[in-house]
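S.K.: need coordinates for the following:
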Amino acid sequence: MISLKRLWRPPWRTVMVGAILLIGLPVGYGLWQPGMDIRDGHHDRSSNGIWVAHGWLGADEWFIKNGKTNEFSLYRDPARIRGLAAKLKRHHITDVFPHLCPVEPNGSLPATDSQQVERFLDEFSGCRVMPWIGGPSGSSVRANKPAWRTNFAGHVLELFRDHPRFAGVQLNVEPLTSGDTDFLLLLDELRAAMPPGKILSVAAYPPPTRWQPYPDVHWDESYFREVARRADQMAVMMYDAGQRNPKTYQRLMADWTTEVLAWSEGKAVLLGVPTYEDAGVNYHDPKVENLTNALLGIHSGLTHSALPSNYQGVAIYCDWETDEAEWTYFREHFVKQ
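M.R.: This next block holds a predicted model:
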């Protein structure tokens, strides 16, 4: 029989350490619970957000260009608009971001159907409808060109003049490297052009993480604060993080929740959660980055202290990929009854 003293001498010491690690790591992982399930609605402030499809506002040419003329009735039937509004209000969603991207290379916004816009705004009375504008950096969005910025801001002003009931706009540029000063100039000029009282929302990037070290999809604290100072609302895209493990994603969501609320200069924050697939890409695994794991992480991040005053709620990306099972989970694990 091998004595205990001998077990801690070479080479048995190496064997023992290896055995402990082989047993201890799985046990430790099993006991590790980075997320938290809260079902009493404590974190629902009844002011959540969602990104919705282009067809709700788009002009005929968008349907024609994209081969979607068979979908006119999906978006323009008043009963369907009414049904969408009722569903979103039932889930305490008040901020609605209809897709109005990508901007043209000259800075002009995609065309809308004016009658449809007004129909949509009629049904969404009591909500804040803010078109989601912007597009790919470099091809559509050319923030480094003064003339482009001026033209873009002018078209946004025209959008408000045509439809003054829009509560604001949400600017989304992808990708966008942390420290991009041209984007800050764009925000300044857009703010100056917008009518008083209109909301400037930004689809913001989450903080850096060792798990995905790409500077064009993460903003450091200094830059995040610079953007927040120029915005009214930060809707943080807390997904596409390349996670392969549900628990590490939950932990990342908890950490990001704490960080972005602290970095947002007191501005309203919506925490973006994914319901989309995008299966087969290296930056997103829907079995890991999904509504369930996102909410578990957010709940955990929000329990460290009293709810910050600038915490507004969560924002779902996106309506057209959220199925009934996900809506049910959202109601049961987040919405205040």
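S.K.: check the spacing between residue 245 and residue 112 real quick.
M.R.: Residue 245 is 42 Å from residue 112, where distance means CB to CB, to the nearest Å. Placement of C-beta: from N, CA and C, glycine included.
S.K.: with residue 322 instead?
M.R.: With distances taken as CB to CB, residue 322 is found 24 Å from residue 112.
S.K.: what of residue 224?
M.R.: Counting by CB to CB, the gap from residue 224 to residue 112 is 31 Å.
S.K.: which of the two has more neighbours?
M.R.: The neighbour comparison of residue 224 against residue 112 (other CB atoms under 10 Å) goes to residue 224, with 24 against 21.
S.K.: just checking, residue 110 touches residue 100?
M.R.: Yes. Residue 110 lies in contact with residue 100 (CB atoms under 8 Å); the separation is 5.7 Å.
S.K.: what's the overlap in contacts for those two?
M.R.: Shared contacts of residue 110 and residue 100 (CB atoms under 8 Å, 6 or more residues apart in numbering): 54, 58.
S.K.: between the two, tell me which one has more neighbours.
M.R.: Ranked by neighbour count (other CB under 10 Å), residue 110 and residue 100 place residue 100 first, with 25 against 21.
S.K.: apart from its chain neighbours, what residue comes closest to the more buried one?
M.R.: For residue 100, ignoring the flanking residues on the chain, the nearest one in space by CB to CB, 6 or more residues apart in numbering is residue 131 at 4.1 Å.
S.K.: let me see the contact set for that neighbour.
M.R.: 57, 97, 98, 99, 100, 109, 159, 166, 169, 170.
S.K.: pLDDT on stretch 200-215, on average?
M.R.: Mean pLDDT, computed over stretch 200-215, is 92.
S.K.: and the strands in this protein, which stretches?
M.R.: For the chain, strands defined by DSSP state E occupy the ranges 48-52, 93-98, 128-129, 132-136, 168-174, 199-204, 233-237, 268-274, 311-317.
S.K.: with mean neighbour count and distance to residue 69 added, can I get those in TSV?
M.R.: Listed next are the strands of the chain as TSV, based on neighbours: other CB atoms under 10 Å; distance: least, CB to CB, whole Å:
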stretch	mean neighbour count	distance to residue 69
strand 48-52	24	20
strand 93-98	24	19
strand 128-129	21	25
strand 132-136	21	23
strand 168-174	23	26
strand 199-204	23	29
strand 233-237	25	31
strand 268-274	26	30
strand 311-317	24	26
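S.K.: switch these over to CSV; also include distance to residue 70.
M.R.: Written out in CSV, the entries for the strands of the chain read as follows (distance: least, CB to CB, whole Å):
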stretch, distance to residue 70
strand 48-52, 19
strand 93-98, 20
strand 128-129, 26
strand 132-136, 24
strand 168-174, 28
strand 199-204, 30
strand 233-237, 31
strand 268-274, 28
strand 311-317, 25
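S.K.: between the ones you listed, which one is nearest to residue 214?
M.R.: Closest approach to residue 214 among the strands of the chain (CB to CB): strand 168-174, 12.0 Å.
S.K.: who are the packing partners of that closest one?
M.R.: For strand 168-174, the packing partners by 3 or more CB pairs under 8 Å, 6 or more residues apart in numbering; DSSP states H and E come out as strand 132-136, helix 181-193, strand 199-204, strand 233-237.
S.K.: with only the CA atoms kept, save the third one in PDB.
M.R.: Translated: strand 199-204. Coordinates of each C-alpha in strand 199-204 appear next as PDB, following Å, rounded to 0.1, in the frame of the first residue of the first chain:
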ATOM      1  CA  ILE A 199     -34.500  61.200 -28.900                       C
ATOM      2  CA  LEU A 200     -31.100  60.300 -30.200                       C
ATOM      3  CA  SER A 201     -30.700  56.600 -29.500                       C
ATOM      4  CA  VAL A 202     -27.500  54.700 -30.300                       C
ATOM      5  CA  ALA A 203     -27.100  51.000 -31.000                       C
ATOM      6  CA  ALA A 204     -24.000  50.700 -28.800                       C
END
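S.K.: direction-wise, compare that strand with strand 233-237 and give the angle.
M.R.: Orientation of strand 199-204 against strand 233-237 (axes from the mean of the first three to the mean of the last three CA atoms, to 10 degrees) gives an angle of 20 degrees.
S.K.: ok, now the first one?
M.R.: Computed by the same axes, to 10 degrees, the angle separating strand 132-136 from strand 233-237 equals 50 degrees.
S.K.: show me what strand 132-136 is packed against.
M.R.: Using 3+ CB pairs under 8 Å, 6+ apart: strand 132-136 touches strand 168-174.
S.K.: ok, now which ones touch residue 89?
M.R.: 126, 127.
S.K.: 10 Å - rerun?
M.R.: For residue 89, the contact set (CB atoms under 10 Å, 6 or more residues apart in numbering) comprises 46, 124, 126, 127.
S.K.: and which of those residues is nearest residue 295?
M.R.: Once CB to CB is applied, the member of these that ends up nearest residue 295 is residue 46, at 16.0 Å.
S.K.: what ranges do the helices span in the stretch 1-150 of the chain?
M.R.: Here the stretch 1-150 of the chain has its helices, by DSSP state H, counting those that start in this stretch, at 4-7, 12-31, 60-65, 72-76, 78-90, 114-123, 146-162.
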